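S.K.: Sharing a sequence plus its predicted fold:
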Amino acid sequence: MGNAVRKSSVQGLFYPKECAKLKTYIREFNHTFDTMKIPHKIKSIIPRAIIVPHAGYIYSGFTANFAYRFLKQANVKRIIVIGPSHHHYFKGISGSYYETYETPCGQPKIDSAYLFALAKQFHIGFEPKAHEKEHSTEVQLPFIQHYFPKTKVIELIYGDISVKILANLIMALLNNKDSAVVISSDLSHFHNLKKANALDKNCLIGVEKLDLTELEKGCEACGLIGIQAMILAAKHLNLSSKLLDYRTSADVSTDNSSVVGYMSAIFY
């Protein structure tokens with residue numbers, strides 16, 4: 001099945017190449033997180049799944065880390081990262097048929113046995129071109145390696161696929177208590193700040209209320225299918241949701257004319 005290692009493609013661009021620099025980022029995120037007054041009742045929630053953004057760490061790393069701080073309380077054997085294909089068009093879902101995944105601080109093992117079983121049930125193919133450059137899933141791996149150094153991973157990249165098929169897959173994953181799911185999506189892209197906030201509000205309310213009709217009002221998330229599928233799965237499994245963080249690239253760049261939105265949320 002091609003290479004043994006899923007090589008990183010955006011090291012040094014979206015996040016640092018050097019392990020020490022990466023740890024510094026995460027330490028900074030956690031320093032801020034630890035100064036926030038989050039009620040214990042909320043802090044102790046253990047999620048089954050999270051939604052996280054996938055931009056460069058300077059823009060969306062804090063928002064993503066926010067969700068990983070909750071997820072790290074989960075005692076799981078594997079984490080399945082699901083993201084949209086940005087560079088390669090294909091139909092269906094492609095799985096990480098590699099042995100390990102390259103990150104700056106180590107190489108998490110891929111849970112191949114689980115992936116093979118899943119592939120039989122859900123027709124998961126292998127599109128090497130989808131994995132070669134996909135950042136939506138890759139930027140999650142350094143966080144996972146940091147908080148779950150011994151946990152196995154699976155990367156699933158979806159192309160042209162129905163919400164229902166992806167929702168069925170997520171439900172099957174979450175029916176297994178040893179699995180956690182990470183859904184990767186940014187929100188609106190390249191509107192001015194006011195327009196972005198208005199559009200993103202539809203995504204935020206939809207996730208908070210587990211309401212797909214809210215998303216239809218104008219949620220322009222790039223991983224919209226993943227978000228819709230996660231909401232559908234959560235409803236079927238009677239999970240609750242909680243929004244954690246929302247911000248835009250303007251928080252860092254101070255450019256309000258063209259921004260990207262980011263949110264994180266947990267399902268429990």
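M.R.: Alright, I've got the coordinates. No experiment lies behind these values; they were computed from the predicted model shown. Numbers count the residues shown, from 1 in each chain.

S.K.: What residues of stretch 179-198 count as buried?
M.R.: 179-188, 191, 193, 196-197 (16 or more other Cβ atoms under 10 Å). (Glycine included, C-beta is placed from N, CA and C.)

S.K.: repeat for stretch 236-255
M.R.: By 16+ other Cβ under 10 Å, the buried positions in stretch 236-255 come out as 239, 241-242, 244-250.

S.K.: Tell me which of the buried residues of stretch 179-198 fall in helices.
M.R.: 193, 196-197 (DSSP state H).

S.K.: Save these as a markdown table, and put in pLDDT and distance to Lys7 too.
M.R.: Shown next, in a markdown table, are those (pLDDT from 0 to 100; distance: Cβ to Cβ, whole Å):
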| residue | pLDDT | distance to Lys7 |
| --- | --- | --- |
| Leu193 | 97 | 36 |
| Ala196 | 97 | 33 |
| Asn197 | 97 | 37 |
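
S.K.: which residues in the stretch 101-250 of the chain form helices?
M.R.: Under the criterion DSSP state H, counting those that start in this stretch, the stretch 101-250 of the chain contains helices at 112-122, 128-132, 135-138, 141-147, 163-174, 193-209, 212-216, 224-236, 250-253.

S.K.: Gly83 contacts Asp186, doesn't it?
M.R.: No. In this structure, Gly83 is not within contact of Asp186 by Cβ atoms under 8 Å, at 10.2 Å.

S.K.: joint contacts of these two?
M.R.: Both Gly83 and Asp186 are contacted by 54, 223, under the criterion Cβ atoms under 8 Å, 6 or more residues apart in numbering.

S.K.: Flag every buried residue along stretch 157-177.
M.R.: Buried residues in stretch 157-177, counted by 16+ other Cβ under 10 Å: 157-159, 161, 163, 165-171, 173-174.

S.K.: Sorry, wrong one. I was asking about stretch 58-73.
M.R.: Within stretch 58-73, the residues that count as buried by 16+ other Cβ under 10 Å are 59-71.

S.K.: Helix, strand, or coil at Val260?
M.R.: Here Val260 is recorded as strand under DSSP: H, G, I helix; E, B strand; the rest coil.

S.K.: residue contacts, the most centrally placed residue in the chain?
M.R.: Residue closest to the mean C-alpha point of the chain, counted by Cα atoms, centre = their mean, is Ser184 at 2.8 Å. Counting by Cβ under 8 Å, 6+ apart, Ser184 touches 51-54, 81-84, 136-137, 139-140, 223, 226.

S.K.: Could you dump these into a markdown table and include distance to His31?
M.R.: Converted to a markdown table, those look like this (distance: Cβ to Cβ, whole Å):
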| residue | distance to His31 |
| --- | --- |
| Ile51 | 23 |
| Val52 | 19 |
| Pro53 | 20 |
| His54 | 22 |
| Val81 | 25 |
| Ile82 | 29 |
| Gly83 | 28 |
| Pro84 | 31 |
| Ser136 | 26 |
| Thr137 | 27 |
| Val139 | 20 |
| Gln140 | 21 |
| Gly223 | 28 |
| Gly226 | 30 |
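
S.K.: out of these, which are buried?
M.R.: Looks like those have 51-54, 81-84, 136-137, 139-140, 223, 226 buried, using 16+ other Cβ under 10 Å.
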